[in-house]
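Visitor: Return atomic coordinates for the entry below.
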Amino acid sequence: MKDYHLYNKNGLAFYVFRKSQGVWRLAFGVLADDIKEACIDALILRFDTDVPELFYHHGKRQVVEVRAKKYSLWHIYLNNAYVGSIQYYTFTKQFNYHLEDNGLLSDDQVQKYIVLIQRGELKWIKDDMR
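Guide: Coordinates of the predicted model:
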């Protein structure tokens, strides 16, 4: 568990945010709810390295996580629930993906994650003799 200190623009007041068991919280200080949620959004995008994006659906934060597995496989999670996978085929040198039915993620979003993997912006476990 690590604390993250944020200071307001006058440098006097500070706030402590903490991630515990995968959930970010304001641990010290008082902020309006919208400011607090904006700070948490920024912390997620900055420090959660497997999170390529987050968005809101019906007022609820949706955190997309793309976790690298062995053998050129990635699992896609939305708020820690499995929603799909991405696979890289070494023989064809192409990516393929699968999304569960009735999910909030679109094909365009998954294509964006594939580009992030190709650029090295999302982790790629390269232990499969490439």
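Visitor: number of nearby residues for the nearest residue to V63 once chain neighbours are set aside?
Guide: The shortest distance from V63 to any non-neighbouring residue, by Cβ to Cβ, 6 or more residues apart in numbering, is to L54 (4.8 Å). Placement of C-beta: from N, CA and C, glycine included. L54 is flanked by 17 other residues according to other Cβ atoms under 10 Å.
Visitor: Can you tell me the SS state at L54?
Guide: strand (DSSP: H, G, I helix; E, B strand; the rest coil).
Visitor: May I see the buried residues of stretch 83-90?
Guide: Within stretch 83-90, the residues scored as buried using 16 or more other Cβ atoms under 10 Å are 83-86, 88.
Visitor: Out of the helices and strands in this structure, which is least certain?
Guide: Scoring the helices and strands of the chain by mean pLDDT, DSSP states H and E places strand 3-7 at the bottom, with a mean of 88.
Visitor: how near is the nearest residue to L6 once chain neighbours are set aside to W24?
Guide: Sequence neighbours aside, Y15 is the residue nearest to L6 in space, at 4.9 Å (criterion: Cβ to Cβ, 6+ apart). From Y15 across to W24, the span is 12 Å (Cβ to Cβ, to the nearest Å).
Visitor: So the most centrally placed residue in the chain: helix, strand or coil?
Guide: Geometric centre of the chain, nearest residue: V51, 1.5 Å, by Cα atoms, centre = their mean. Secondary structure assignment for V51 (three-state DSSP): coil.
Visitor: Give me the buried positions along stretch 22-42.
Guide: Within stretch 22-42, the residues scored as buried using 16+ other Cβ under 10 Å are 24, 26, 31, 36, 39-41.
Visitor: With just CA atoms, put it into CSV.
Guide: The C-alpha trace of stretch 22-42 is given here as CSV (Å, rounded to 0.1, in the frame of the first residue of the first chain):
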residue,chain,number,x,y,z
GLY,A,22,-7.2,-2.6,-6.1
VAL,A,23,-9.5,0.3,-5.0
TRP,A,24,-8.4,4.0,-4.9
ARG,A,25,-9.7,6.1,-2.0
LEU,A,26,-9.2,9.5,-0.5
ALA,A,27,-7.5,8.7,2.8
PHE,A,28,-6.9,12.2,4.1
GLY,A,29,-8.4,15.5,3.3
VAL,A,30,-11.8,16.7,2.2
LEU,A,31,-12.7,17.3,-1.5
ALA,A,32,-15.9,17.8,-3.4
ASP,A,33,-17.0,14.5,-4.9
ASP,A,34,-16.4,15.5,-8.5
ILE,A,35,-12.9,16.8,-7.7
LYS,A,36,-12.2,13.6,-5.7
GLU,A,37,-13.3,11.4,-8.6
ALA,A,38,-11.3,13.4,-11.1
CYS,A,39,-8.2,13.0,-9.0
ILE,A,40,-8.8,9.2,-8.7
ASP,A,41,-9.3,9.0,-12.5
ALA,A,42,-6.0,10.7,-13.0
